[in-house]
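Asker: Sequence below, structure please.
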Amino acid sequence: MQAREALAAACDRHAARLGRRYGRLSLRDTRSRWGSCSAEGNLNFSWRLVMAPPEVLDYVAAHEVAHLAEMNHSPAFWALVERLFPAHEAPRRWLRENGASLHRYRFDAAD
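Answerer: Okay, the predicted model is just below:
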């Protein structure tokens, strides 16, 4: 499964559990973030997630989908993340321990 399809499947699953819909899903060349959720409900993800274990990709999808309901990192937000992805601590730890090495990869599009 390609990264975009894996992210879309994870976002679809988590959004359905939350009873929310998201707008556009995009892969981007972000330098410091793994994902983001716009006020319009568009979800953006770092293409570098393709190099992370599948559960990390799934966790980041759950994290961003939770922002459809809570546009902050309040206790209510983390309760939603817990509901969507109960085993979120291990992927968060993986990102803390290994994320910097993934951000070293650069993508330069040909002119």
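Asker: okay but residue 85 is in contact with residue 14, surely?
Answerer: Yes - using CB atoms under 8 Å, residue 85 makes contact with residue 14 at a distance of 7.4 Å. Any C-beta I mention is one placed from the backbone N, CA and C, and that applies to glycine too.
Asker: where do the contact lists of these two overlap?
Answerer: By CB atoms under 8 Å, 6 or more residues apart in numbering, residue 85 and residue 14 have these common neighbours: residue 62.
Asker: Now the one helix or strand in the chain whose mean pLDDT sits lowest - C-alpha only, CSV.
Answerer: Lowest on mean pLDDT, DSSP states H and E among the helices and strands of the chain sits helix 89-103, with a mean of 91. The C-alpha atoms that make up helix 89-103 are tabulated as CSV, following Å, rounded to 0.1, in the frame of the first residue of the first chain:
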residue,chain,number,x,y,z
GLU,A,89,2.5,6.3,23.6
ALA,A,90,4.8,3.9,21.7
PRO,A,91,4.5,5.7,18.4
ARG,A,92,5.0,9.1,20.1
ARG,A,93,8.1,7.8,21.8
TRP,A,94,9.4,6.4,18.4
LEU,A,95,8.9,9.9,16.9
ARG,A,96,10.8,11.5,19.8
GLU,A,97,13.7,9.0,19.5
ASN,A,98,13.9,8.7,15.7
GLY,A,99,12.1,11.6,14.2
ALA,A,100,15.1,13.9,13.8
SER,A,101,16.9,11.3,11.7
LEU,A,102,13.9,11.2,9.3
HIS,A,103,13.9,15.0,9.0
